[in-house]
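> got a sequence here, can you build the structure:
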Amino acid sequence: MSVVVARQLEKTYVSGDITVNAIQGVEFTIEPASFVSFIGPSGSGKSTLLNMIGCLDPPTRGTLQVAGREITNLSRREAALFRGENIGFVFQDFNLIPVLSVFENVEYPLLMVQNWTKEKRKKRVFDLLDAVGMTDQANKRPNQISGGQKQRVAVARALVTNAKLVLADEPTANLDRETANRIIDLMKQMRDDFQTTFVFSTHDPRIVKNVEITFTLEDGKFSSTNDNQGGGNA
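As a prediction, this is how the structure comes out:
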């Protein structure tokens, strides 16, 4: 079963007399355990697509299935529940909660959406921290660790609910070259270990080089699709 299926997807924003067609009739399919990127200039629609897939912003028209469910007409509450149980997020500015420890940041999604016992949560969190090499930093706050370490924590947080889809918006933008390469390698390893699909919105050629399929956006439409390794289709 495909992780994401979009058909004639559109998103229009209206502000007074101004109408912006942010996404215009795009169609694509994303398969399980794949690495996929949306690329294009600023304003091309990359983040809009990610927001629709992530149940943060509903489409104006068309159909959109994620993890086997049609999400086009979900209520805000239904969208929040579905998002919490099925989708992980990784952001360029990490979005860690500064007053929580590394452990608590990774644990937080479990507190919000799943009725797990304390011991089960603890084991799951430490399993993920071990997977991303951050067990020894579990008690530190975000301001006590490096940017690369923060992104490792963000990857662990994105996977802690067993999400099969992770949406990553410019995840290497605030990292130096060496650290960015390590984070890309880490996400590839997490894909292989957990069979998670990663979908990127990015300008980073290092990510684009490592994905199986690239959708290039221009003015809300796909201008090209590059299937690097047969990992997906449009």
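> wait, what's in contact with the nearest residue to V26 once chain neighbours are set aside?
For V26, ignoring the flanking residues on the chain, the nearest one in space by Cβ to Cβ, 6 or more residues apart in numbering is L9 at 5.1 Å. The C-beta positions use only the backbone N, C-alpha and C, and glycine is treated the same way. For L9, the residues meeting the contact criterion (Cβ atoms under 8 Å, 6 or more residues apart in numbering) are 23, 25-27, 49, 52, 59, 61-64.
> and for P58?
For P58, the contacting residues are 52, 72-74, 79, taking Cβ under 8 Å, 6+ apart as the criterion.
> just to revisit the earlier point, doesn't the residue nearest to V26 fall inside a strand?
Yes: inclusion of L9 in a strand is indicated when DSSP: H, G, I helix; E, B strand; the rest coil is applied.
> the contacts of L9 in helices, which ones?
Among the contacts of L9, the members falling in helices are 49, 52 (criterion: DSSP state H).
> for ChimeraX, write a command that selects the buried ones of the contacts of L9.
Only the buried members of the contacts of L9 end up in this ChimeraX selection, burial being decided by 16 or more other Cβ atoms under 10 Å:
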select :23,26,49,52,59,62,64
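> tabulate the contacts of L9 in TSV, adding columns for pLDDT.
Output for these, formatted as TSV (pLDDT from 0 to 100):
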residue	pLDDT
I23	95
G25	93
V26	95
E27	95
L49	95
M52	96
P59	95
R61	95
G62	96
T63	96
L64	97
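> from the contacts of L9, which land in strands?
23, 25-27, 61-64 (DSSP state E).
> ok, now which ones touch the closest residue to F94 other than its chain neighbours?
Leaving aside its sequence neighbours, F94 sits nearest to K150 (Cβ to Cβ, 6+ apart; 4.3 Å). Neighbouring residues of K150 by Cβ under 8 Å, 6+ apart: 94, 96, 142.
> perfect, I'm done here.
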